[in-house]
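Engineer: Pasting the sequence and the predicted model now:
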Amino acid sequence: MTKYVRKCPACGGEVIEKEVTEVLSGGVNTAFVTVKVGVCLRCGERLYTPDTVRKFEEIEAKLQRQDTSGFKPLGKSFKVPTF
Ligand SMILES: [Zn+2]
């Protein structure tokens, strides 16, 4: 994949493709997604392709609708009362 820009738009550093884990949330639900993104070697800026952004939006919409078919449950998240 060479869809990423070669230079970081933020600092001009070199951009490489890297596999990262992103946390997406929709409503009260959260999902972890491993994706290949462009990462700036200098400032760490993550650069996404339009396809990746669209996929993220789809996942977030599904989370919002509680439609988690095809997602693997990882455990529950809890909110602890304020102390
Ligand atoms: Zn940068």
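Structural biologist: Okay, I see it.
Engineer: For the chain, what lies in contact range of the ion?
Structural biologist: Residues of the chain lying close to the ion (CB under 5 Å from the ion) are 8, 10-11, 13, 40, 42-43, 45. For every residue, glycine as well, the C-beta is placed using N, CA and C.
Engineer: Could you export those as TSV, including distance to T21?
Structural biologist: What follows is the residues of the chain next to the ion, written out as TSV (distance: CB to CB, whole Å):
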residue	distance to T21
C8	21
A10	21
C11	23
G13	22
C40	17
R42	21
C43	19
E45	17
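Engineer: Can you say which of these are buried?
Structural biologist: 8, 40, 45 (16 or more other CB atoms under 10 Å).
Engineer: How about stretch 14-23, which residues are buried there?
Structural biologist: V15.
Engineer: hey, where'd the strands end up in this protein?
Structural biologist: Using DSSP state E, the strands of the chain run over 15-26, 29-40, 46-47.
Engineer: Just the CA trace of the first one, in PDB.
Structural biologist: What that stands for is strand 15-26. Presented in PDB, the C-alpha positions along strand 15-26 are these (Å, rounded to 0.1, in the frame of the first residue of the first chain):
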ATOM      1  CA  VAL A  15       5.900   8.500   7.000                       C
ATOM      2  CA  ILE A  16       6.000   4.800   7.200                       C
ATOM      3  CA  GLU A  17       3.300   2.100   7.200                       C
ATOM      4  CA  LYS A  18       2.700   0.600  10.600                       C
ATOM      5  CA  GLU A  19       0.200  -1.700  12.200                       C
ATOM      6  CA  VAL A  20      -1.500   0.000  15.100                       C
ATOM      7  CA  THR A  21      -4.400  -0.600  17.400                       C
ATOM      8  CA  GLU A  22      -7.100   2.000  17.500                       C
ATOM      9  CA  VAL A  23      -9.800   2.400  20.000                       C
ATOM     10  CA  LEU A  24     -13.200   3.300  18.400                       C
ATOM     11  CA  SER A  25     -16.300   4.200  20.400                       C
ATOM     12  CA  GLY A  26     -19.900   4.600  19.500                       C
END
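Engineer: No more questions from me, cheers.
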